[in-house]
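Asker: Any chance you can model this:
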Amino acid sequence: MAARSGPSPGAQIVELRRLAGRELDPLLLEETVEWQRELDWDFGRSADLIRQFADGQALRGSALVDQGEVVGYGYSVLEDHKGLIGDLYVRPAWRDGSSDVQLFRALLDSLIETPRIKRIESQLMMAEPWVGEALQRERGLELHARMMMSFDCAAGGLQARYLNRRRFHFETWSDHHHESAATVIALAYKNHVDGEINDQYQSVPGARRFIYNIVQYPGCGAFFRPGSIVAFDMETGWMAGLILTSFVSAEVGHVTQVCVAPSARGAGLGYELLAQGIAALRAHGARRITLTVTASNTDALELYRRCGFREIRRFFAYVWQAGA
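Answerer: Have a look, this model is predicted:
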């Protein structure tokens, strides 16, 4: 049978709830292979969850069906006043600037039309850039350029830098750190571009949910406690910074969060947290470590480049705000 060269005129958008998990299996397998090939990221655990929710007809979203074949899908979740588009994947032959945009539009419009939804957020690392660009003016979508960066562990760890170790005390992550860490995140991202992208950063309750999701769910990989470290300012007794890490595949670590409270900036704490997190990930077999950063966050970008991270992929974060 000849390979398809693109969408047919009869391609349709259908609700995900109309499809069983087995109908998504070929697409999820292809997506898992592509995540592994492009990002060294094990998408398998996320695919299993998607399949389970689809079997229970509990997955909100849309699928692109062409001549009876599911060639694309996307799902969303509701969180209070906010909608989150968790994923959008379209088979390469159907990424033509029409079918994938049509699918994203369906996901977006479904959330916009949902009562009480005032905000929509999404970060789609595998989506082509034109998907959001096409809807920027059409739906009032905000686009924030982001990048994935990678650190090669074969080059060794980070070199020791000067840090006043009498000022800071370090501990590996424990559940009792949760509340203090949420406070640090809210302080660190006040009036920050990343708070515009992810409104969970804007408050302590939101940051609390953000941390809980990282620790409990596999979307950002398997949470790695030995490489998740908090720093306390011995002068005040308060938490001053933190790094949270995961393993996204057997040999690839990921920094899901690193931030420093405003009162501790300029002391080299961000570098030290990265150094300790990288050392722990390397000691447990990581050959590569990734992280994502907003392109306009120049201070963080400069730090990551100084530490040896290099850009490997660009993508967009999307935000829609009611009345904007």
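Asker: Can you give me the neighbour number for the closest residue to residue 262 other than its chain neighbours?
Answerer: With Cβ to Cβ, 6 or more residues apart in numbering as the criterion, residue 262 has its nearest non-adjacent residue at 6.1 Å, and that residue is residue 187. (C-beta placed from N, C-alpha, C; glycine too.) Residue 187: 17 surrounding residues under other Cβ atoms under 10 Å.
Asker: Residue 99 too?
Answerer: 22.
Asker: Following element in sequence after the helix or strand hosting residue 34, please.
Answerer: Element membership for residue 34 (DSSP states H and E) is helix 21-39. Downstream of helix 21-39, the next assigned helix or strand under DSSP H and E is helix 44-55.
Asker: I'd say the residue nearest to residue 262 and residue 260 touch.
Answerer: No - using Cβ atoms under 8 Å, residue 187 is not in contact with residue 260; the gap is 9.5 Å.
Asker: follow-up on the earlier one: kindly calculate the angle that the helix holding residue 34 makes with helix 44-55.
Answerer: 160 degrees (axes from the mean of the first three to the mean of the last three Cα atoms, to 10 degrees).
Asker: Which elements pack onto helix 21-39?
Answerer: Here helix 21-39 touches helix 44-55, strand 69-79, strand 82-90, strand 310-321, going by 3 or more Cβ pairs under 8 Å, 6 or more residues apart in numbering; DSSP states H and E.
Asker: Output the ones you listed in TSV; the columns should cover mean neighbour count, mean pLDDT and distance to residue 100.
Answerer: Formatted as TSV, the helices and strands packed on helix 21-39 follow (neighbours: other Cβ atoms under 10 Å; pLDDT from 0 to 100; distance: least, Cβ to Cβ, whole Å):
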stretch	mean neighbour count	mean pLDDT	distance to residue 100
helix 44-55	17	90	18
strand 69-79	20	94	7
strand 82-90	22	95	4
strand 310-321	18	95	13
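Asker: Can you tell me which of these is nearest to residue 131?
Answerer: strand 82-90 (7.1 Å; Cβ to Cβ).
Asker: ok, residues contacting the closest one?
Answerer: Strand 82-90 is contacted from outside by 27, 31, 34, 46, 50, 64, 71-78, 99-100, 103-104, 107-108, 111, 114, 117-122, 124, 126-127, 131, 199, 219, 318, using Cβ atoms under 8 Å, 6 or more residues apart in numbering.
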